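In: predicted coordinates and the sequence they were generated for:
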2 protein chains.
Amino acid sequence: MLHLVISTIGEISWLCQFKTSLLLSRRRAALNNLKKEQWTNNEPNKKQDILMKNQKRTTIYDIAKKLNLNASSVSRALSNNSNVSEATRKLILDTAKELNYKQNSLASNLRKGHNQTIGVIVPRINQNYFADVIAGIEEVTYQKGYNLVICQSNESSAREVKCVNTLINQHVSCIVISLSADFEDDKHLQTIKEHGIPLIQFDRVAEHLDTFKVLNDNEQASIDAVSHLIEQGYKRIALLEGPQNLNIFRQRKAGYLAALKKYKVPVLPELIKENAWTKELGAESTKELLNLAEPPDAIFASTSDFSALGVLEVATKMGLKVPEELGICGYSNEAFTEITSPSITTIDQYSVSMGKTIANLYFQEIESSEKDNNPKIVSIKPKLIVRSSTLRNKTEGY
Amino acid sequence: MLHLVISTIGEISWLCQFKTSLLLSRRRAALNNLKKEQWTNNEPNKKQDILMKNQKRTTIYDIAKKLNLNASSVSRALSNNSNVSEATRKLILDTAKELNYKQNSLASNLRKGHNQTIGVIVPRINQNYFADVIAGIEEVTYQKGYNLVICQSNESSAREVKCVNTLINQHVSCIVISLSADFEDDKHLQTIKEHGIPLIQFDRVAEHLDTFKVLNDNEQASIDAVSHLIEQGYKRIALLEGPQNLNIFRQRKAGYLAALKKYKVPVLPELIKENAWTKELGAESTKELLNLAEPPDAIFASTSDFSALGVLEVATKMGLKVPEELGICGYSNEAFTEITSPSITTIDQYSVSMGKTIANLYFQEIESSEKDNNPKIVSIKPKLIVRSSTLRNKTEGY
DNA sequence: TTAATTTAAGCAATCGATTGCGATAAAAAT
DNA sequence: ATTTTTATCGCAATCGATTGCTTAAATTAA
């Protein structure tokens, strides 16, 4: 057995590209020796391993031939359906096990005209929120014997289009999507509908498009957050906002404005910062905000908790006391918000539940009744999690 | 369009189960009304939507028929392969677009005898490490036009077996797996090999099994971590260890022991705590350790950063100064380790790179050369990230 | 004992794309 | 003008499972 040890990042990236190199060729040489050995001393198991590769998998025809039966009977016995005598069924099941038979889902699905698979397209698989949603979807689909095909658009709509096409080709039973950040055109979503594939959008959606949707009530959540800030006595509340081509960020801004209006707090344009999505951008914007002649006394990082973290770090570095001198509220309830000091007030989106809701929407509303395909919208109200970073009046808290 | 608003956790779990309820039936009633409307006023697009469901998708035969050609020509034109005149090719491509043709991958793969799909089984999709690895795999497979089918075993080997069977049925080109926590039996992995499906194990592997493996050098990483602790002057170093049926935890323990031996530090059994995987268990073990007559002056939470976080919280609560009175080292380089106070020393596993390595291993070593299937092991050396939680000698650090 | 009914199993078409082989016509070579 | 080559395209089998229909056998009823 060969063993490669990689110890530096450089080597890893080399490995990732896997260019032919000295090491690799050396390995090949070693390999050839091994192969020779294999053919000379006839170890049975090794040989079997190799034969296995050229060997075709057993089909229902193999089972049928062995038992002098017709493939149709084998199929029926295996699908446990009808019109097979108990005796032959047992016979078939036994030989199936003996021959190590596994169904070919490709053939089965082709014939049956559907594919028990749900395709999921998200901007990034390894982003907490999306990973959670996917886990939730998987939890439910697994129970139903469905599989999940996962694609990531990497926040690029060009790539998103390709993912959509692949999934259409795969004849998936349903496509679940959350749009990439540079979303503009919904032609690819139309294509999905044109092919009769149920479409469920979640979180980042094309609002005008008439499809199933599972949403967070971003506006209400923002209202709650900003209201909380106001009730804590903050007067000048800044907003870090995300790309306005995405519905979620528009809604969060709307909520911010609505809350200010509700409490008759004037809207100050200089306190609204665009494009403060990441920790770095959040930090950047914070510096600008705090250097204003009249700086804010609270910042609502509506884009993400990472942004809020950037805010917190800058504030700490500038010697501002949080929450006394600056209130900070994030969005998403990332795990770390609980353990920063002070802990960060944020909004929980029930991401795993959201995934389950999505899957259940498919099974209960789409898969079951063929005709009744009137797109529904399910909105989940996120929950404000109040923590130290906004808790001026300690009496109110825990 | 219907709109459901969910506002409490209770309602969400209700929605997840989707029991028929008042609300649901009310929605149905509303729906029926809508349907009636639809049938009375013949909105063309709505009608089209409904027809779409019953309408079969266009196949190469449809294109062939329309052009008075044979399906084989259409197939050849579409696959861009051979023996089709430029004129008819253009004709075919145009009508394909016109008829909104999409290939049926099921049929194609069935005929070609393979499925450009890689199956991935992980304990939990929404765990940073695994999500990162999956993202890395996807990054590479996407480039190659392969798809990813993701399953989660939920740390249960029973479920893992089912996932394996599904993937075998799907005729995936390769199975990538990281074992569940209760791993004992490898029969299902044998089955994969018996079906001639390449198997790549990563991180948590069955060591004795002769398959491709992509590993982290856990032992070396632990040696580095514990050596670092010793060099920082810690004398009584405790270990929080994970389930010993998993190779990774055995190796981490081995590294711990090796480092102690190297520095001739005696091994004290009372400083080794089993099963301290989660934050809660880590905290629990820490309480026990710190209540010893001779408590440790450092704790290596080899299970995870979450465990280390538990340690930190207990230490802080007990008024112990970190790193002066207690050194803490975690494992995995979770995002939060950087922002705790003090920040936590940990070990980075290059998870995304690891995913890329896995995928490249498949493409370069397995897919390319059919015969040369001698399992290789790629070992990636993780990197110790020294942070404040173990930095007694400030001079050494940054 | 014969007719009616049930049960079990086979036959053959089907899902949609691919591909080796053969046929035809056009182009090139002799 | 005839033969050879080449370019196009059609034919039909194939991948493996499913399923409606038919037939043969077995069981029951008359």
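Out: Noted; the coordinates are in hand. Numbers count the residues shown, from 1 in each chain, chains lettered A, B, ... in the order given.
In: let's see the longest strand along chain A as CSV, backbone CA atoms only.
Out: If you go by DSSP state E, chain A has its longest strand at strand A:115-122. Below are the C-alpha coordinates for strand A:115-122, written out as CSV (Å, rounded to 0.1, in the frame of the first residue of the first chain):
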residue,chain,number,x,y,z
ASN,A,115,-36.3,9.9,-10.5
GLN,A,116,-36.7,9.8,-6.8
THR,A,117,-34.2,12.6,-6.5
ILE,A,118,-34.5,16.2,-5.4
GLY,A,119,-32.0,18.6,-6.7
VAL,A,120,-30.7,21.4,-4.4
ILE,A,121,-28.9,24.5,-5.6
VAL,A,122,-27.4,26.8,-3.0
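In: within the sheet, what are the partner strands of it, with directions?
Out: In the sheet, strand A:115-122 lines up against strand A:147-152 (parallel), strand A:172-177 (parallel) (DSSP bridges).
In: do the last one and DNA strand C meet at all?
Out: Which is strand A:172-177. No: Strand A:172-177 does not reach DNA strand C (Cβ under 7 Å from any atom of the strand); its nearest approach is 14.5 Å. All C-beta spots, glycine's among them, are computed from the backbone N, C-alpha and C.
In: hmm, back to that, just name the most buried of the strands paired with strand A:115-122.
Out: Sort the strands paired with strand A:115-122 by mean neighbour count, taking mean count of other Cβ atoms under 10 Å in any protein chain shown, and strand A:172-177 sits at the top with a mean of 26.
In: how far does that one sit from its chain's centre?
Out: 13 Å (Cα atoms, centre = their mean, to the nearest Å).
In: now swap in stretch A:217-227 and tell me
Out: A distance of 24 Å separates the C-alpha centroid of stretch A:217-227 from that of its chain, computed with Cα atoms, centre = their mean.
In: which outside residues touch it?
Out: Here stretch A:217-227 makes contact (Cβ atoms under 8 Å, 6 or more residues apart in numbering or on different chains) with A:237, A:247-248, A:251-256, A:258-260, A:262-263, A:300, A:302, A:329, A:331, A:345, A:347, A:379-384, B:5, B:7.
In: so A:Arg76 sits in a strand?
Out: No: secondary structure of A:Arg76 (DSSP: H, G, I helix; E, B strand; the rest coil): helix, not part of a strand.
In: if we ignore the residues flanking it in sequence, what's nearest it?
Out: Spatial nearest neighbour of A:Arg76, chain neighbours left out: A:Val84 (5.0 Å); criterion: Cβ to Cβ, 6 or more residues apart in numbering or on different chains.
In: same deal with A:Ala259?
Out: The shortest distance from A:Ala259 to any non-neighbouring residue, by Cβ to Cβ, 6+ apart, is to A:Val226 (3.6 Å).
In: about what we covered before: mean pLDDT for the strands paired with strand A:115-122: which is lowest?
Out: Mean pLDDT is lowest for strand A:147-152 among the strands paired with strand A:115-122, at a mean of 90.
In: which among the contacts of stretch A:217-227 end up buried?
Out: Neighbour-count burial (16 or more other Cβ atoms under 10 Å in any protein chain shown) is assigned, among those, to A:237, A:247-248, A:251-253, A:255-256, A:258-260, A:300, A:302, A:329, A:331, A:345, A:347, A:379-384.
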